[in-house]
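**Q** After the sequence you'll find the predicted model.
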Amino acid sequence: MTLTTSPRRADARTRRPAFAHVLRSEWIKLFSLPSSVLALAAIFLIGVGGSLFLGVTLESSGAPSVLLIERTMADVTVPTVVLGQIIAGILGVMLIGAEYASGSIQPTFVAVPDRLRVLRAKAVVAFTVVTATALITVFSAWALTTPIYAQFGLAAPLTAPGVVLALLSSAGYLGLCALFGVGIGALVRSTTAGAIIVFLATLLLPVLTSLLPYGLLSRALRIAQLGNAGDAMSRVGAEGGPFLDLWSGHISVGAGWLIAAIWAATALAAGAITLRKRDV
């Protein structure tokens, strides 16, 4: 008697899960963690709340007599970007660091042996969710504060040059910070260590480089900072300005996108190499 196996059943056991299924799994993981939901809620509450606070205190702090779109949009986007970048980066770290901490990363890699597919799925979910949350946040902040600024003739309409771009770029920056966090999480495999690196890269490092003696090296370091790229992306740039000016330290919105994307891509590449070379 000859034992035979069903080719169809064998193929079902050995084939790789479809990438859509891996994405769905990472989506479920994200929203099953209370800390992730709280992080997304914090981005919204801090961004909208900070913008509203700046709006309602505008008169007491001295409202400018001349409309400055740059000043108005800074009040709208900066609260989301300054604190949201840290939250977004830590959220990206948690997506993979939490699995290493709990040991659930092992069944994840058993189910999906191709570790880079797991990393790509986490990156896609992190960027999509954080960017969508940030978009809702900055447009809500703009909508809620516009009537306040309109009382002083300082409203920044969406039709004004650079306004929509600043809103979209602010949200995109937070998404790139989330990608940076995913890469760092894969690299260090620790939520705590990853969170410290995110804080240093987004907020503390630009402050420290600003203290360096003024020179060519310090100028280059200031321009190359992730946090400075986010600051440029969240503001309305001057029309006709340079793409990147090393001497003056000017970073255009486009240059900000490029610098932030390089940071995110570098972190993801480092995380991918680590995943391939290290044991679980």
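**A** Cool, the structure landed.
**Q** Quick check: closest non-adjacent residue to residue 153.
**A** In this structure, residue 153 finds its nearest non-sequential neighbour in residue 67, 6.0 Å apart by CB to CB, 6 or more residues apart in numbering. All C-beta atoms are positioned from the backbone trio N, CA, C, and that covers glycine.
**Q** if I've got this straight, that neighbour is in a strand?
**A** No. According to DSSP: H, G, I helix; E, B strand; the rest coil, residue 67 belongs to no strand; its state is coil.
**Q** Over to it: give its phi and psi.
**A** According to degrees, to the nearest 10, the main-chain angles of residue 67 amount to phi -60, psi 120.
**Q** quick one: low-confidence ranges for the protein?
**A** Per-residue confidence of the chain (counting by pLDDT under 70) places the weak regions at 1-15, 240, 279-280.
**Q** Only the buried residues of the helix or strand hosting residue 206, if you could.
**A** Secondary structure from DSSP states H and E places residue 206 in helix 205-209. For helix 205-209, the buried set under the neighbour-count rule, 16 or more other CB atoms under 10 Å, comprises 205-206, 209.
**Q** Just the CA coordinates for it, please, in CSV.
**A** Output in CSV follows, covering the C-alpha atoms of helix 205-209 (Å, rounded to 0.1, in the frame of the first residue of the first chain):
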residue,chain,number,x,y,z
LEU,A,205,19.9,66.7,18.7
PRO,A,206,18.8,69.9,16.9
VAL,A,207,19.1,71.8,20.2
LEU,A,208,22.6,70.4,20.8
THR,A,209,23.9,71.1,17.3
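**Q** Tell me which stretches of the stretch 151-280 of the chain form helices.
**A** 163-188, 191-199, 205-209, 216-223, 226-233, 253-277 (DSSP state H, counting those that start in this stretch).
**Q** Now render those helices as TSV, adding distance to residue 239.
**A** Below are these laid out as TSV (distance: least, CB to CB, whole Å):
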stretch	distance to residue 239
helix 163-188	11
helix 191-199	33
helix 205-209	25
helix 216-223	21
helix 226-233	15
helix 253-277	11
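**Q** Go ahead and confirm the residue nearest to residue 153 touches residue 149.
**A** No. When contacts are counted by CB atoms under 8 Å, residue 67 is not listed as touching residue 149 (9.0 Å).
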